[in-house]
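Participant: structure, please.
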Amino acid sequence: MNPAPALLEEAMEAMFRQTAERVVRGLDSATRTRMMRDLGQYRLKFTHNDPEQVRVELESPTGHDYVVRFKGGQATCGCPHNIFRKTICKHIAAVSLMVVSDVGDPVRHRRLRVGQLQ
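Facilitator: Predicted coordinates for the structure are as follows:
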């Protein structure tokens, strides 16, 4: 059995978690509190199409779909806020909070299930 895929998955998960933790540390307390309250309204689908990134399809409470990518220690989103303002948007914050908190945490409790809505 080749251990390389398992090691790659562990490294990717570590990068994903570290990036998410950095995003959460950068949130002010009011934003963090508001986002924690609203986390249950988001649906997420994790995919690993690229061995160097985690891709998250996010369905927001407003019905809009966005793609959040974690690659190379950076998080990006396809929403106008992130594209044009180049700042952390609520979609990146929501995914990051889900990763580092107990609320709907796909990593700590269930590991990442590629292709499934969480």
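Participant: who are the packing partners of the longest helix belonging to the chain?
Facilitator: Ranked by residue count, the top helix of the chain under DSSP state H comes out as helix 4-25. Counting contacts by 3 or more C-beta pairs under 8 Å, 6 or more residues apart in numbering; DSSP states H and E, helix 4-25 is packed against strand 53-59, strand 65-71, strand 74-77, helix 90-100. Where you see a C-beta, it was placed from the backbone N, CA and C, and this is true even at glycine.
Participant: residue ranges with poor pLDDT in this structure?
Facilitator: Along the chain, segments meeting pLDDT under 70 span 1-8, 48-49, 102-118.
Participant: just want the most central residue of it.
Facilitator: Geometric centre of the chain, nearest residue: residue 95, 3.4 Å, by C-alpha atoms, centre = their mean.
Participant: now that residue: how far from residue 82?
Facilitator: 12 Å (C-beta to C-beta, to the nearest Å).
Participant: how about CSV for the helices and strands packed on helix 4-25, with distance to residue 19 added?
Facilitator: Formatted as CSV, the helices and strands packed on helix 4-25 follow (distance: least, C-beta to C-beta, whole Å):
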stretch, distance to residue 19
strand 53-59, 9
strand 65-71, 5
strand 74-77, 6
helix 90-100, 8
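Participant: any idea which of these is most buried?
Facilitator: Of all the helices and strands packed on helix 4-25, helix 90-100 has the most neighbours on average by mean count of other C-beta atoms under 10 Å, namely a mean of 24.
Participant: so what's residue 99 closest to, chain neighbours aside?
Facilitator: Leaving aside its chain neighbours, residue 99 sits nearest to residue 20 (3.9 Å; criterion: C-beta to C-beta, 6 or more residues apart in numbering).
Participant: what is the burial count for the one you found?
Facilitator: Using other C-beta atoms under 10 Å, residue 20 is surrounded by 23 other residues.
Participant: so residue 44 belongs to a helix, correct?
Facilitator: No - counting by DSSP: H, G, I helix; E, B strand; the rest coil, one finds residue 44 to be strand, located in no helix.
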